[in-house]
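A.B. asks: only geometry, no sequence info:
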């Protein structure tokens with residue numbers, strides 16, 4: 001492609017589909033990860049077009065890829081960051097092979113299609129197009145593909161920040177954390193941009209009772225104590241909490257007629273409660289994910305355990321949350337303890353009055369007329385949490401209009417992304433880069 005030539009977006013779509021299908025066939029389930037193959041795959045594509053790449057290996061077989069298009073230095077760098085690992089699969093529940101990358105009826109199936117190899121390909125194409133178009137870059141454009149995001153980032157972004165801080169000395173960063181979604185009948189499309197995120201806090205509940213023979217009535221069954229505690233937690237009505245990003249989200253959507261205003265508290269509560277994706281922005285979530293008790297069917301267990309996946313709203317201290325859980329359970333036979341939490345990082349909310357946010361808004365306005373752009377809090381953890389406390393304006397956005405079915409694919413069976421969304425995301429990502437960097 002000649003520098004400055006009109007872009008053949010149909011050809012870009014075909015290229016993106018081909019790259020993503022090959023990428024999805026690289027098995028990077030974490031654990032164990034084995035992400036070096038993915039890093040080298042992406043790096044080979046970049047190096048073939050003269051884009052220099054650097055590979056770092058925090059752990060054997062787990063490489064970080066850094067590629068850079070140099071700007072003129074008049075502005076500080078923009079990083080496009082993505083993770084190369086994916087979560088495990090239960091293959092027996094998939095209709096299509098999770099690492100087969102089958103293309104069926106305009107859908108590309110595979111583990112990582114939306115989380116987040118698809119977005120990684122969108123970022124990759126933005127860098128390739130910037131190179132091919134000869135964009136006059138004011139700032140360096142950095143492509144960063146990282147391992148280990150799905151299991152805490154210890155040998156990914158956390159390691160990179162600790163051991164090579166100069167590589168994350170950027171002004172802006174764009175990663176996952178929120179998505180676009182098509183509007184319902186008569187409503188505009190909505191693109192949410194995450195400027196903050198919830199903190200992971202995994203709890204273990206341990207119930208104590210008295211062992212005994214299952215042939216006799218028994219009043220001190222640890223399993224029953226645990227069940228009652230979990231029932232109390234499941235019925236816990238905690239209301240809505242309006243953090244600064246949540247307040248900004250409501251204000252923007254109420255302007256667009258998509259949510260009742262803050263002043264109409266009850267109507268807003270009903271509207272938010274009806275949508276689990278949206279509700280997660282306004283409350284600390286609590287989900288039971290693992291339960292274990294007993295060793296034999298005719299023995300009353302003396303202990304029973306459950307694991308709770310909790311995602312804390314910005315500003316909620318884990319210790320305060322544990323105390324609230326204990327108070328709600330109200331049973332001294334149940335011990336609540338921290339099983340795992342995210343890294344102890346200061347809460348940070350990215351600024352929104354930036355050139356990158358302007359580029360996001362302008363690109364979406366040009367490509368998806370009438371769409372609403374709203375600031376939000378990511379309901380799940382991303383690598384952005386390591387960069388915001390360093391002063392980086394780190395945003396979460398997969399710039400595609402993912403359907404409800406596509407959004408349900410995160411960590412689920414039959415994950416897929418449509419060819420249409422992969423193409424739209426590639427076009428929007430390039431537009432954002434062009435406006436932010438040149």
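C.D. replies: That came through fine. Bear in mind that the values here come from a model prediction, so they are computed numbers and not experimental data.
A.B. asks: Look at stretch 330-350 and report the distance between its end residues.
C.D. replies: End-to-end distance of stretch 330-350 (C-alpha to C-alpha, to the nearest Å): 38 Å.
A.B. asks: Stretch 403-413 now?
C.D. replies: Termini of stretch 403-413 sit 16 Å apart (C-alpha to C-alpha).
A.B. asks: And for that stretch, what's in contact with it?
C.D. replies: With C-beta atoms under 8 Å, 6 or more residues apart in numbering as the test, stretch 403-413 has contacts from 87, 89-90, 93-95, 113-115, 179, 181-182, 277, 415-418, 421. Every C-beta, even on glycine, is put in place using the N, C-alpha and C of the backbone.
A.B. asks: all helices for the protein, in order.
C.D. replies: 9-24, 36-47, 117-133, 157-163, 222-234, 244-255, 265-273, 276-279, 318-329, 355-367, 384-387, 404-407, 419-437 (DSSP state H).
A.B. asks: TSV for the ones you listed, including distance to residue 211, mean neighbour count and mean pLDDT?
C.D. replies: Listed next are the helices of the chain as TSV, based on distance: least, C-beta to C-beta, whole Å; neighbours: other C-beta atoms under 10 Å; pLDDT from 0 to 100:
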stretch	distance to residue 211	mean neighbour count	mean pLDDT
helix 9-24	49	18	98
helix 36-47	49	19	98
helix 117-133	49	25	98
helix 157-163	42	19	97
helix 222-234	9	18	98
helix 244-255	47	18	95
helix 265-273	42	14	95
helix 276-279	39	14	93
helix 318-329	22	16	97
helix 355-367	59	18	98
helix 384-387	43	25	96
helix 404-407	45	14	97
helix 419-437	54	23	98
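A.B. asks: could those go into a markdown table alongside distance to residue 171?
C.D. replies: Formatted as a markdown table, these follow (distance: least, C-beta to C-beta, whole Å):
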| stretch | distance to residue 171 |
| --- | --- |
| helix 9-24 | 27 |
| helix 36-47 | 22 |
| helix 117-133 | 17 |
| helix 157-163 | 16 |
| helix 222-234 | 42 |
| helix 244-255 | 20 |
| helix 265-273 | 34 |
| helix 276-279 | 30 |
| helix 318-329 | 31 |
| helix 355-367 | 8 |
| helix 384-387 | 11 |
| helix 404-407 | 30 |
| helix 419-437 | 10 |
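A.B. asks: To residue 298, which of these lies closest?
C.D. replies: helix 222-234 (13.6 Å; C-beta to C-beta).
A.B. asks: Please report phi then psi for residue 74.
C.D. replies: For residue 74, the backbone dihedrals (degrees, to the nearest 10) come out as phi -80, psi -10.
A.B. asks: Report the contact partners of the closest residue to residue 209 other than its chain neighbours.
C.D. replies: Using C-beta to C-beta, 6 or more residues apart in numbering and skipping residues adjacent in sequence, the residue nearest residue 209 is residue 222, 3.3 Å away. Contacts for residue 222 (C-beta under 8 Å, 6+ apart) come out as 207, 208, 209, 293, 300, 301, 302, 303, 304, 333.
A.B. asks: if you set the cut-off to 6 Å instead, what comes out?
C.D. replies: 207, 208, 209, 301, 302, 303, 304 (C-beta atoms under 6 Å, 6 or more residues apart in numbering).
A.B. asks: Okay, and which of these map to strands?
C.D. replies: 207, 208, 303, 304 (DSSP state E).
A.B. asks: what's the most distant pair in these?
C.D. replies: Of all pairs in the ones in strands among the contacts of residue 222, the most separated under C-beta to C-beta is 208 and 304 at 8.6 Å.
A.B. asks: Give me the more crowded residue out of the two.
C.D. replies: For residue 208 versus residue 304, neighbours defined as other C-beta atoms under 10 Å are more numerous around residue 304 (24 against 15).
A.B. asks: Is the more buried one bridged to anything, and to what?
C.D. replies: residue 207, residue 293 (DSSP bridges).
A.B. asks: What's the separation between it and residue 334?
C.D. replies: 9 Å (C-beta to C-beta, to the nearest Å).
A.B. asks: Now the common contact residues for those two.
C.D. replies: residue 207.
A.B. asks: you'd agree residue 310 is up against residue 200?
C.D. replies: No: with contact defined as C-beta atoms under 6 Å, residue 310 and residue 200 do not form a contacting pair (7.6 Å).
A.B. asks: so residue 136 touches residue 438, yeah?
C.D. replies: Yes: between residue 136 and residue 438 there is a contact at 5.3 Å, judged by C-beta under 6 Å.
A.B. asks: For the residue lying closest to residue 151 once chain neighbours are set aside, grab the count of nearby residues.
C.D. replies: Counting by C-beta to C-beta, 6+ apart, residue 30 is the residue found nearest to residue 151 once chain neighbours are left out, at 5.3 Å. Neighbours of residue 30 under the rule other C-beta under 10 Å: 22.
A.B. asks: Report pLDDT for residue 30.
C.D. replies: Per-residue confidence (pLDDT) for residue 30: 98.
A.B. asks: One more: residue 375?
C.D. replies: 96.
A.B. asks: Can you report how many residues lie near it?
C.D. replies: 23.
A.B. asks: The one 5 residues further on too?
C.D. replies: Residues contacting residue 380 under the criterion other C-beta under 10 Å number 18.
A.B. asks: Likewise for residue 48?
C.D. replies: For residue 48, using other C-beta under 10 Å, the count is 9.
A.B. asks: what does the one 3 residues further on give?
C.D. replies: For residue 51, the number of neighbouring residues by other C-beta under 10 Å comes to 18.
A.B. asks: Not counting its neighbours along the chain, what's nearest it?
C.D. replies: residue 67 (5.3 Å).
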